[in-house]
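Asks: next one to model:
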Amino acid sequence: TTTLIGLLKTARLLRLVRVARKLDRYSEYGAAVLMLLMCIFALIAHWLACIWYAIGNVEKPYLEHKIGWLDNLEVSLGKRCNSSEHCSGPTIKDKYVTALYFTFSSLTSVGFGNVSPNTNSEKIFSICVMLIG
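Replies: Below is the predicted model:
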């Protein structure tokens, strides 16, 4: 049900169309156009970061060897997940910032490699993000 409610909230994004129409009369101002493009880029990066997190989260319980990006994040932060403690491991903030960092670096074709795809699903998604970028 929370996913359904989240999908209903995305309908509010239609307001962006109205904002874009209003910004159309300011299109001769380069700063307004640049700001709009930056906001659209950030929104797309956010959506892709959510997908990147979902891929890692879905695959994590089924991986025989701990090779996913979430497992690597646990190791690099020194916060291993403990099955007996629900709150152990990286925080949701750590996971989101890392996912957003990965999508920004992939979209801009920088890709430092410190957050990298290791499973097939992660690699396929990474290829799609690079094509979008």
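Asks: residue closest to the middle of the chain?
Replies: The residue lying closest to the centre of the chain (C-alpha atoms, centre = their mean) is residue 49, at 0.5 Å.
Asks: so what pLDDT did that one get?
Replies: Residue 49 is assigned 90 on the pLDDT scale.
Asks: who's in contact with it?
Replies: By C-beta atoms under 8 Å, 6 or more residues apart in numbering, residue 49 lies in contact with 96, 99, 100, 102, 103. In this view, the C-beta of every residue, glycine as well, is placed from N, C-alpha and C.
Asks: helix or strand: which one has residue 50?
Replies: Residue 50 is part of helix 30-59, with elements assigned from DSSP states H and E.
Asks: next helix or strand past that helix?
Replies: helix 69-77.
Asks: show me what that following helix is packed against.
Replies: helix 30-59, helix 92-107 (3 or more C-beta pairs under 8 Å, 6 or more residues apart in numbering; DSSP states H and E).
Asks: okay, the angle between the last one and helix 30-59?
Replies: Helix 92-107 and helix 30-59 are oriented at 120 degrees to each other (axes from the mean of the first three to the mean of the last three C-alpha atoms, to 10 degrees).
Asks: which SSE is immediately downstream of helix 92-107?
Replies: Using DSSP H and E, the first helix or strand after helix 92-107 is helix 120-132.
Asks: count the neighbours of residue 77 for me.
Replies: 13 (other C-beta atoms under 10 Å).
Asks: list the contacts for it?
Replies: Here residue 77 is in contact with 90, 94 (C-beta under 8 Å, 6+ apart).
Asks: all set, thanks.
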